[in-house]
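**Student:** predicted structure and sequence below. I'll ask about it afterward.
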Amino acid sequence: MTVPQTRPPGVDPHQGYWREYRVGPVTEAAYAVGSTLVAAAVGLTAGFAAILLIALLGEQGLVPEASSIDLVARSAMGWLVAFAYLCAVAVPVALSVRAVGVSRSLVRAADDGAEPLAAPHPAQVEQVVLPPHLALLVVLGGHVALGLLAMVAAVVDDEPRILRVCVGVVLVSAALAAWLLLVSRPAHRRRQRRVAEHWSAHAEQSAWGAARKAVRAAGERPRTVLRGTEDPQVRRGWLLVAAGAVVGCLGCTLLELFLFVQYPGSVARPGGRLQDRGDFSDGAQAVLDGALWVAVTLGLAGILLAAAGGLLLFRARATERAELSRALDDVTATRPDDALLQRHGERRPSDLGQVAAALGSFVLVPALAVLQLATGDDADHRELFAGLQDAATAGVVLGAVLLFVGLVANAVAGVRGHALRDRLQRRWPTLPRPPEDRKNPRHAPRTKPTLRRGL
């Protein structure tokens with residue numbers, strides 16, 4: 001299929017300009033997965049902070065008769081580590097798939113006859129010129145190093161089964177790293193050459209010059225003020241998200257404190273058991289029961305507040321997109337605010353999707369921990385947590401649904417936002433967000449033409 005050759009209104013036919021070229025579904029999925037997992041990692045970090053806080057309270061003796069973190073927190077820590085490892089592996093894989101997919105899409109656009117002056121946007125050039133597999137190679141190298149150390153320990157301790165697993169991990173990781181270095185990276189470099197051949201240095205430099213000129217000129221002209229773009233819903237949305245995070249953490253903290261007090265003397269160590277319920281007076285027990293309900297209420301309120309904030313942000317961003325589309329259709333409209341153009345002119349994950357993913361991981365980990373205790377091999381734990389099994393199952397389902405919603409929202413934002421991003425960059429180009437460390441060579445694609453870098 002031939003790429004459309006239409007140009008922005010009022011643009012010199014010899015002037016280069018930026019375009020965001022479409023990418024395939026696998027690349028879109030890689031963008032969505034990477035963004036969702038980064039947000040999920042934020043939720044995991046919040047969960048780790050809550051567990052650490054409870055542990056410190058217990059160790060400092062601020063909780064009566066509690067010698068260490070309780071069983072639920074210990075089980076949650078195991079799940080947290082497992083999910084953190086998943087994110088640490090999956091995000092570099094998504095980054096590699098994204099870089100390869102973008103470079104292939106640009107080669108396809110060049111082969112389909114894309115206009116030579118319609119240079120790829122710097123965000124796409126960045127995917128072409130930077131090493132595509134650096135993060136993944138670091139992860140694979142870590143697997144090889146840890147695998148070798150584990151092999152030595154397995155030989156010393158005479159553990160043949162562990163030795164076989166370690167040998168397999170080392171061989172697979174080394175083979176994948178070799179394939180990335182010897183096959184995939186040279187192919188990526190060949191695609192960079194093909195892209196650089198189609199879009200000349202003049203086109204890239206001309207597009208950068210046009211963007212800089214447009215930004216400078218915009219400071220001397222009146223801006224189009226779009227209705228709804230300064231909507232207080234944005235501030236309210238982020239305020240609700242922050243309030244939900246604080247309230248949810250308070251609820252989790254209160255729940256852990258309840259377990260510390262209600263089951264005194266519990267020790268979190270391999271093979272440790274949750275001790276019998278403490279013997280309290282009727283008044284003290286009523287206070288503890290009330291604290292439990294308050295903790296549950298705070299946790300649910302935190303989730304609802306953050307979800308409401310995400311929905312407000314979603315609505316506000318939708319209003320901004322609609323107003324920008326109407327301004328693009330108006331040939332007399334002047335350039336809107338640069339912050340607004342940057343927000344919708346570059347690919348960014350959905351606010352709703354990021355909030356949902358962070359909430360999902362934060363809810364999923366403790367729910368899995370309780371469900372594990374309620375259905376595990378230890379009969380005492382099963383009896384103790386049997387009453388929470390249904391609630392834990394509901395929490396697991398809720399967390400999984402929130403993660404799925406986050407993934408879908410990010411995917412939809414990437415696909416549906418392409419047309420608007422492309423139109424904005426062609427009519428009102430904005431310079432990429434400046435990096436904090438401009439001297440870092442990895443940030444060069446966001447500051448200057450770099451399509452021929454390293455060729």
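**Tutor:** Happy to help now that I have it. Numbering: from 1, shown residues only.
**Student:** quick one, strands of this structure?
**Tutor:** 17-19, 118-120 (DSSP state E).
**Student:** got TSV for those, with distance to Ala411 and mean neighbour count too?
**Tutor:** Placement of C-beta: from N, CA and C, glycine included. Converted to TSV, the strands of the chain look like this (distance: least, CB to CB, whole Å; neighbours: other CB atoms under 10 Å):
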stretch	distance to Ala411	mean neighbour count
strand 17-19	22	25
strand 118-120	22	27
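**Student:** looking at those strands, which is closest to Arg423?
**Tutor:** Closest approach to Arg423 among the strands of the chain (CB to CB): strand 17-19, 9.9 Å.
**Student:** now the strands of the chain in JSON lines, with mean pLDDT and distance to Ala39?
**Tutor:** JSON lines is the format used below for the strands of the chain (pLDDT from 0 to 100; distance: least, CB to CB, whole Å):
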{"stretch": "strand 17-19", "mean pLDDT": "89", "distance to Ala39": "28"}
{"stretch": "strand 118-120", "mean pLDDT": "92", "distance to Ala39": "27"}
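**Student:** would you mind telling me which of those strands is nearest Gly47?
**Tutor:** Per CB to CB, nearest to Gly47 of the strands of the chain: strand 118-120, 39.2 Å.
**Student:** can you give me the helices in this protein?
**Tutor:** 25-59, 71-111, 122-129, 134-157, 160-179, 185-198, 201-218, 232-262, 282-329, 338-345, 351-375, 379-385, 389-416, 418-427 (DSSP state H).
**Student:** related to what we said a few turns ago, got the strands of the chain as a markdown table, with distance to Arg442 columns?
**Tutor:** Listed next are the strands of the chain as a markdown table, based on distance: least, CB to CB, whole Å:
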| stretch | distance to Arg442 |
| --- | --- |
| strand 17-19 | 20 |
| strand 118-120 | 18 |
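**Student:** can you say which of those is nearest to Arg416?
**Tutor:** Using CB to CB, the strands of the chain put strand 17-19 closest to Arg416, at 17.5 Å.
**Student:** buried residues in stretch 193-200?
**Tutor:** Residues of stretch 193-200 classed as buried: Val195, Ala196, His198, Trp199, Ser200 (neighbour count, 16 or more other CB atoms under 10 Å).
**Student:** average pLDDT for it?
**Tutor:** Taken as a whole, stretch 193-200 has an average pLDDT of 92.
**Student:** how about residues contacting that stretch?
**Tutor:** Defining contact as CB atoms under 8 Å, 6 or more residues apart in numbering, one finds that stretch 193-200 is touched by 103, 106-107, 110, 114, 116, 118-120, 128, 451-452, 455.
**Student:** again, only using 7 Å
**Tutor:** Ser103, Leu106, Val107, Ala110, Ala114, Pro116, Ala119, Pro120, Val128, Leu451, Arg452, Leu455 (CB atoms under 7 Å, 6 or more residues apart in numbering).
**Student:** cool, and stretch 405-420?
**Tutor:** With CB under 7 Å, 6+ apart as the criterion, stretch 405-420 contacts 20, 22, 28-29, 31-33, 35-36, 39, 321, 324-325, 344, 347, 349-350, 352-354, 356-357, 360.
**Student:** mind redoing it with 6 Å?
**Tutor:** With contacts defined as CB atoms under 6 Å, 6 or more residues apart in numbering, stretch 405-420 is touched by Glu28, Tyr31, Ala32, Ser35, Thr36, Arg321, Pro349, Ser350, Leu352, Gly353, Ala356, Ala357.
**Student:** adding neighbour count, write those out as JSON lines.
**Tutor:** Below are those laid out as JSON lines (neighbours: other CB atoms under 10 Å):
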{"residue": "Glu28", "neighbour count": "19"}
{"residue": "Tyr31", "neighbour count": "23"}
{"residue": "Ala32", "neighbour count": "24"}
{"residue": "Ser35", "neighbour count": "26"}
{"residue": "Thr36", "neighbour count": "32"}
{"residue": "Arg321", "neighbour count": "18"}
{"residue": "Pro349", "neighbour count": "21"}
{"residue": "Ser350", "neighbour count": "28"}
{"residue": "Leu352", "neighbour count": "26"}
{"residue": "Gly353", "neighbour count": "27"}
{"residue": "Ala356", "neighbour count": "30"}
{"residue": "Ala357", "neighbour count": "29"}
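**Student:** now the residues you listed in CSV, please, with extra columns for pLDDT.
**Tutor:** Converted to CSV, these look like this (pLDDT from 0 to 100):
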residue, pLDDT
Glu28, 95
Tyr31, 95
Ala32, 95
Ser35, 94
Thr36, 95
Arg321, 86
Pro349, 90
Ser350, 89
Leu352, 84
Gly353, 89
Ala356, 89
Ala357, 92
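**Student:** nearest to Arg421 among the residues you listed?
**Tutor:** Arg321 (10.1 Å).
**Student:** identify the residues contacting the closest one.
**Tutor:** Going by CB under 6 Å, 6+ apart, Arg321 touches Leu420.
**Student:** what's the spacing between it and Ala413?
**Tutor:** For Arg321, the distance to Ala413 equals 10 Å [CB to CB, to the nearest Å].
**Student:** check Arg446 too.
**Tutor:** Distance from Arg446 to Ala413, by CB to CB: 21 Å.
**Student:** between the two, who's got more neighbours?
**Tutor:** Shown here are Arg446 and Ala413; by other CB atoms under 10 Å, Ala413 has more neighbours (24 against 17).
**Student:** check what pLDDT that one gets.
**Tutor:** pLDDT, read off for Ala413, is 91.
**Student:** repeat that for the one 3 residues further on.
**Tutor:** At Arg416, the model reports a pLDDT of 88.
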